[in-house]
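I need the structure of the sequence given here:
(one chain, ligands or ions: 1)
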Amino acid sequence: MTTYPIKPRIDVAVAVVFNAGGQVLWGCRPEGKPYAGYWEFPGGKVEPDETVWQALVRELKEELDITALEGGPWFRIEHDYEHANVRLHLYRVWRFEGSPKSLENQRFTWASLDSSDLSPILPATEPLLPKLAQPTVMALSNYEAGFEACAQRLERGLSNIKTPIYIQFREKALSGNALIQAFEHCYGLCQKTGQAMLLNSDTWLNLREHLDALPCPLHLTQAHLLSGQFQDLQCAGASVHDTDSLRIAFDRSLTYAVLGAVKPTPSHPGQPGLGWEKFLESAQGARLPVFAIGGLAAEDIRDAHLHGAHGIAMLSQFGLG
Ligand SMILES: Nc1nc2c([nH]c(=O)n2[C@H]2C[C@H](O)[C@@H](COP(=O)(O)OP(=O)(O)OP(=O)(O)O)O2)c(=O)[nH]1
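Numbering: from 1, shown residues only. Predicted coordinates:
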């Protein structure tokens, strides 16, 4: 009878440490470890008596002599290597003490998150980079509540923001000329500011007879995600309301999911909202970045990051104030 070696399953704490300039800390795996010479985020195995955060704090101290002070879970992903099956618990660290030193003879550097200048990067980590580096703010259009008010809000919001964001064009109630006028304004604004536009799949159904081709990637509604529609079109992400849908979003190789509503919101009257703890529970197993939505404003981003959200999506709060 043939016997097969049983590969260990290891839980790994992975720290994506940001500096004030938005760069992240990369380490190069030292000689003697599997994949020596490959770049990775700092971290290491979670010991049996540790939480992931404790392991992360310990590894950053042992490897680089820095003390992680504040951070939050991002998402988890599994990968089968020849040497082990690993479950990577990615954490974002945005506050730490000390300046990194090489304590284990490893090279390290600060570089961008989507680092194309570092090579090679560990096989489980490299495909995650475009997902991690995508915008952390999504603004949703709302021209149907009033063209001028929405146009001004988006223009003001975009003139104040210095980082890339997503703008999702989502108009349930508009049709005909009003829909085209709103689309043209939003599309023009994204072109002018270089921001990435997404088109809600419900809105696309009303808009497509007026356009020659899909103008930007689709954002799927949960119903379209579940029905498997639009497989032949470029889809960036999807709205989801439960963990089953998060699994489908991952299986469809989407770049992100949007989960909510986290807080009570006028768009869903009478519903209490998930709350951050329930959001965290669902987002943890998602295997892809999850935006939080529902009654959120720019000042909620820290809470969002503490509770496993990649970022926040805002309907009426974007561009206010
Ligand atoms: N730290 C880290 N590990 C990663 C990343 N991507 C990835 O696939 N891994 C894998 C490689 C390894 O199989 C595993 C980490 O285990 P390790 O051997 O480096 O952990 P360790 O520092 O505790 O090692 P050891 O000294 O106890 O052997 O996770 C990443 O970006 N960062």
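
how far is the one helix or strand residue 87 maps to from where the chain is centred?
When secondary structure is defined using DSSP states H and E, the element that contains residue 87 is strand 85-97. In this view, strand 85-97 has its centroid 14 Å away from the chain centroid, taken as CA atoms, centre = their mean, to the nearest Å.

ok, and does it reach over to the ligand?
Yes: counting by CB under 6 Å from any ligand atom, the ligand has neighbours in strand 85-97: 86, 88. For every residue, glycine as well, the C-beta is placed using N, CA and C.

Can you show me the strands along the stretch 51-200 of the chain?
67-80, 85-97, 108-111, 137-140, 166-169, 196-200 (DSSP state E, counting those that start in this stretch).

Can I get the ones you listed in a markdown table including mean pLDDT and mean neighbour count?
Written out in a markdown table, the entries for the strands of the stretch 51-200 of the chain read as follows (pLDDT from 0 to 100; neighbours: other CB atoms under 10 Å):
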| stretch | mean pLDDT | mean neighbour count |
| --- | --- | --- |
| strand 67-80 | 97 | 17 |
| strand 85-97 | 98 | 19 |
| strand 108-111 | 96 | 16 |
| strand 137-140 | 96 | 24 |
| strand 166-169 | 98 | 25 |
| strand 196-200 | 98 | 21 |
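
So which of those strands is nearest residue 270?
Using CB to CB as the criterion, the shortest distance between residue 270 and the strands of the stretch 51-200 of the chain is 20.9 Å, found for strand 137-140.

May I see the strands of the stretch 51-200 of the chain arranged in CSV, with distance to residue 251 as well?
What follows is the strands of the stretch 51-200 of the chain, written out as CSV (distance: least, CB to CB, whole Å):
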stretch, distance to residue 251
strand 67-80, 13
strand 85-97, 18
strand 108-111, 31
strand 137-140, 22
strand 166-169, 22
strand 196-200, 20
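
Taking the stretch 151-300 of the chain, what residue is nearest to the ligand?
Closest to the ligand within the stretch 151-300 of the chain is residue 287: 14.2 Å, counting by CB to the nearest ligand atom.

Chain neighbours aside, what residue packs nearest to that residue?
Across the structure, with CB to CB, 6 or more residues apart in numbering as the measure, the residue nearest residue 287 apart from its sequence neighbours is residue 250 (4.5 Å).

How about residue 293?
Residue nearest to residue 293 in three dimensions, not counting chain neighbours: residue 260, with 3.6 Å by CB to CB, 6+ apart.

looking at it, the one you found is touching residue 290, isn't it?
No: using CB atoms under 8 Å, residue 260 makes no contact with residue 290, being 9.7 Å away.

Show me which of the two is the more surrounded one.
residue 290 (28 against 24; other CB atoms under 10 Å).

that older thread, list the contacts of the residue nearest to residue 293.
Residue 260 sits next to 241, 273, 274, 279, 292, 293, 294, 313 when contact means CB atoms under 8 Å, 6 or more residues apart in numbering.

Let's see that with 10 Å instead.
Applying CB atoms under 10 Å, 6 or more residues apart in numbering to residue 260 gives the contacts 239-241, 267-268, 273-274, 279, 290-296, 309, 312-313.

Can you read off the pLDDT for it?
What the model reports as pLDDT for residue 260 is 92.

Report the contact partners of the residue in the stretch 51-200 of the chain positioned nearest to the ligand.
Ranked by CB to the nearest ligand atom, the top residue of the stretch 51-200 of the chain for proximity to the ligand is residue 124, at 3.3 Å. Taking CB under 10 Å, 6+ apart, we find residue 124 in contact with 12, 14, 35, 40, 77, 78, 79, 80, 81, 86, 87, 88.
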